[in-house]
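model this:
(3 chains)
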Amino acid sequence: MTQIPTVTKAGSLDRPIANSYSSGRLGDGMPWLILGGSAVVSAVVFVLLQVGGVTEEFNISGAVLLTLVIYGVSLYIASRLVEGSRRAVDRLVTTLVVTAFVIALLPLISVAFTVVTNGSARFDIQFLTYSMRNVVGEGGGALHAVIGTVLMTGAATLISVPIGLLASIYLVEYGRGRLAQAITFFVDVMTGIPSIVAGLFAYAVFALIFGPGVKLGIAGAVALSVLMIPVVVRSSEEMLRLVPNELREAAFALGVPRWLTILKVVIPTSIAGITTGVMLAIARVIGETAPLLVAAGFTNNMNYDLFDGRMQSLPVFVYSSYVSQGIEAQASLDRAWAGALTLIIIVMLLNLIARLIARIFAPKLGR
Amino acid sequence: MSTSGSTKAPARIKAKQRPGDRIFAGSAVTAGSLILAILAAVAAFLIIQSAGVFTTPNEDIQILQGQSFWSYVGPLVFGTLWASFLALLFAVPLAIGIALFISHYAPRRLAQGLGYIIDLLAAVPSIVFGLWGATVLAPAVQPFYAWLVDNFGWFPLFSGPVSGTGRTILTAAVVLAVMVLPIITALSREVFLQTPVLHEEAALALGATRWEMIRIAVLPFGRPGIISAAMLGLGRALGETIAVAVVLSAAGTVTFDLLTSQNPGTIAANIALSFAEAYGVNVDVLIATGLILFAITLIVNSLARYIVSRRSAFSGAN
Amino acid sequence: MNSTRLSRAAVIAVAGALFLSSCAANEADTAGGGSESDSTLSGTLVGAGASSQAAGQQAWTAGFQELNPDTTVEYDPSGSGAGRDTFIAGGSSFAGSDAAFDLEEIEAGEFGSCVPDTGIIEIPAYISPIAVIFNLEGVDSLNMDPATIAGIFTGDITTWNDPAIAATNEGVELPDTPITAVHRADESGTTENFAEYLSATAPDVWDAEVSGDWPYGGEAANQTTGVVDTVTNGTGTIGYADASQAGDLGTVAVGVGDEFVEYSAEAAAAIVDASPFSEGRGENDLAIELDRTSTESGVYPIVLISYLIACEEYNEAEAAELTKAYLGYIISDEGQAVAEEAAGIAPISETLFERASAAVESIQ
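Residues are numbered from 1 along each chain as shown, chains lettered A, B, ... in the order given. Down below sits the predicted model:
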């Protein structure tokens, strides 16, 4: 630790002082050198711990963490000595940002890895072409759940996106006064509706209309919409607000009516952000288990009709395969993980399509 | 906005009323009001359904086991707030870091791919996070928890006895943090990317370092967006059901201890756990706890609004 | 430019529609009618209830639908409570429940699908042993009397080398590992039956009221699979779960009288036969009052009985016909055998079968 400042001093003194671009700055290779040094130091520490019998085996995550800490501190000190406090803070923040990214990526990668390794066991043709009708033990598939998820999420999107987008347009372009304030506030409140309550609500509404015990795909879609609308409103409102006023004023100055300005200028400018928001909203609800279990029920059979009969969905399929495994537990577990993998792939495809749409309609910007 | 014809000023020419404008504005207002109507319907449903709890004597409600409704729901409220607070504590700084990394640090080609991956992870179903938390994360962190309790047990949060399986509220909070991370990151990233390039370039031209540029230009611009994103994340954390139900080993206690197997439960997870076997008025009790969660969200959001409104919003549209 | 993009989008949409209208490969023959079967039954039968029956119901629906290709049975494993509420409201034709209806509920009960003022039938068709499972290195089986089990789960016995455990396990080397007792976090029939057993056999140690909620401390896990996973992933863990899920975990042989009995389908069926029917009920209401303290040889006293609940008289003839046929299939030798194979239930005995089939015959 202590020799690091001397190393950097030597490094900076070696350079010709006349070069005004590189004087008073750390060399390009210096951060890497410090990173290597920190790695060695922390490796030594953990090897000593292991030899000393404090830890039983070499702790990799601990060593990586210590490396990052030593690196951050020593780079800050080195930079402060050579470059001054402002650059030192800049380097420190860069380290922190990259570290945050690495730390956050670890669990995300772990989740993805778990799903892919466990899910690929049963992710085959049969899984995508079979339902669970008359299937006991091994085999079977999730076609009925895939169809159900696509139909119900699609219906929920059809309900939520127009309502949500129009509401956010109202908030940003028209809304003044109490109604707008109330909507903004209550949309936030709506994000906090627990998913199972949304399911119970949709079930209660449809039970009022169609009699008790009714479970329909459309009820599931309504439950999902309740969860989806606030996310759509919140994210598109944020995106619409970011459209510079100059664009609107330019359109108005050319005599373009307000509604056309919104349709042709404001929305296209923010379409990338809005699509991200809608995709987030879809992603938020497509994995919901509890509301669909309550509102759309559970079935092993195909159902294409949102308005008649129970409808299976992938999250419910995953959950029930995991929860009631029976004797052939591994077969059921494999189906659960394959279902989760399918769900993620569906979202991936939707995401690609959404990005394509965004790219087609978005105007070319400076970035 | 400035062109919206204020008819009161006599000097101004009255703005031309177009049918297209009227239809469009009308449908926008309708959509906004519809949201309020839906919310009112949900609230009415919750209130009507939970009325039964307060008209039935406590002894007749099996799920309460003789205690009052408030002492049943108290630990759950605490657990919900505590777990969500911890989750946001982990998630928000990390999410801002990731969003900044993607928007201002990473090479652009890499950044696009990374943004895409983060978006995808928002789609992992909650049950998968639950399974991952219970079968991968909890066994992995248990030795670390044991070490913490052995060496830092004097610190109130880390007091023992340590959980033998690692399925504690800290693990649940980490799982929640991982779940809300993609949401907060994705929104913050979009907001950071919308920072006017001129502001950034002006800051850099004045000799600011990258961090100073971000502090001066990007963060103030993105602050309302970050808070919105955090609120969305909080909404998900407060209402998360299945993942918490699978990960957390809950007992109806109120404690700040992070590492024991006696943890406070959360409202949403409790509903999911108890709902299947509940019948009659017991269902009403669970729905009443849902109403409480609803009220909590309302209060938390009011607080957040209050904090945001103290700093005027920076928006292109005002 | 835009038009080609739009046409591309149209192609995607058409392809999507084709995909959506495709049929599941294993369901292709259902629309064609029962050509290879002489069954005349058709229609959809809806049931809901206990999630403990889910694996068994999956096997039963599959077997029944193969015999009667024009029928569809939907069983919604939404939970006993939800299933009973749905049945009362008339949303389903039959219910699965881990507990029989109380007498008051039956007397007060208006059952939506049934002709008013007629009774219901309850058949204990899903009998499943509950295993006490543990994860302790090098130990596969332990003998424990009820008081020891109760002591472990109430938190009185905290280490594996406790004298109470050692006393009944001579020759087994027990480590001083702390015990982590795992219980169900969700309310469940499994917990209720387990608590009922401990409360009946070790009332001094187990002093809490019996219900589906866990009254003591310890580690909580969601559903049977959650308990099994938690026990598997921890060390020195012990829990209780549906025996079919025990897998490779160590199991406890439970003290009955002077002997220790490992769980088995026969031993579980034996305790049901040794127990009387609950009193004061209709002829076709076969609720069983389990005799937990039975000391008869070879009985395994920790069992879960899950009931099938149906109407004696239905409002709709189709529902009556289908329910009668389906319940008849479930209690038949074949039905019990497929569920034993798929879900590890204990097949009902000859005597119980006779009572049950009389009850099923009475459905109209």
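
what kind of secondary structure is whatever residue of the stretch 251-364 of chain C ends up closest to chain B in?
Going by CB to the nearest CB, chain B is nearest to C:Ser306 of the stretch 251-364 of chain C, at 12.4 Å. For every residue, glycine as well, the C-beta is placed using N, CA and C. Under DSSP: H, G, I helix; E, B strand; the rest coil, C:Ser306 falls in the strand class.

number of residues surrounding it?
For C:Ser306, the neighbour count with other CB atoms under 10 Å in any protein chain shown is 26.

next: B:Leu219.
B:Leu219 - counted by other CB under 10 Å - has 15 other residues nearby.

for the closest residue to it other than its chain neighbours, list the residues it contacts.
Spatially, and ignoring its direct neighbours in sequence, B:Leu219 is nearest to B:Ile226 (7.9 Å; CB to CB, 6 or more residues apart in numbering or on different chains). By CB atoms under 8 Å, 6 or more residues apart in numbering or on different chains, B:Ile226 lies in contact with B:Val92, B:Ile96, B:Ile184, B:Ser188, B:Val191, B:Leu219.

put the buried members of those into a ChimeraX selection.
Here is the ChimeraX selection string for the buried members of these, based on 16 or more other CB atoms under 10 Å in any protein chain shown:
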select /B:92,96,184,188,191
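
need the contacts of B:Ile226 in JSON lines with secondary structure, can you?
Putting those into JSON lines (three-state DSSP) gives the following:
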{"residue": "B:Val92", "secondary structure": "helix"}
{"residue": "B:Ile96", "secondary structure": "helix"}
{"residue": "B:Ile184", "secondary structure": "helix"}
{"residue": "B:Ser188", "secondary structure": "helix"}
{"residue": "B:Val191", "secondary structure": "helix"}
{"residue": "B:Leu219", "secondary structure": "helix"}
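
of all the contacts of B:Ile226, which two lie farthest apart?
The distance between the two most remote of those (CB to CB) is 14.6 Å, for B:Ile184 and B:Leu219.

tell me where the model's unsure across the stretch 51-200 of chain A.
Within the stretch 51-200 of chain A, the ranges that satisfy pLDDT under 70 run A:52-59.

please, which helix or strand holds the most centrally placed residue in chain B?
What sits nearest the mean C-alpha location of chain B, by CA atoms, centre = their mean, is B:Leu234, with 1.3 Å. Assessed by DSSP states H and E, B:Leu234 sits inside helix B:219-239.

and the residue nearest the centre of chain A?
A:Leu280 (6.7 Å).

is the one helix or strand it maps to anywhere near chain B?
Counting by DSSP H and E, the element that carries A:Leu280 is helix A:267-286. Yes: using CB under 8 Å from any CB of the partner chain, we find that helix A:267-286 touches chain B at A:Ala272, A:Gly273, A:Thr276, A:Gly277, A:Met279, A:Leu280, A:Ile282, A:Ala283, A:Arg284, A:Ile286.

so how far is B:Ile98 from the residue lying closest to the second one once chain neighbours are set aside?
By the measure of CB to CB, 6+ apart, the closest residue to A:Gly273 outside its immediate chain neighbours is A:Met239, 3.3 Å from it. Relative to B:Ile98, A:Met239 is positioned 19 Å away (CB to CB, to the nearest Å).

so where's the stretch 151-300 of chain C uncertain?
Within the stretch 151-300 of chain C, no range satisfies pLDDT under 70.

can you give me the helices in it?
Using DSSP state H, counting those that start in this stretch, the helices found in the stretch 151-300 of chain C span residues C:163-167, C:189-201, C:223-233, C:265-273.

just those helices: most buried one?
helix C:223-233 (a mean of 24; mean count of other CB atoms under 10 Å in any protein chain shown).

I'd say A:Ala167 and B:Leu36 touch.
No: counting by CB atoms under 8 Å, A:Ala167 sits too far from B:Leu36 to count as a contact (9.4 Å).

which residues are common contacts for the two?
Common neighbours of A:Ala167 and B:Leu36 (CB under 8 Å, 6+ apart) are A:Ile183.
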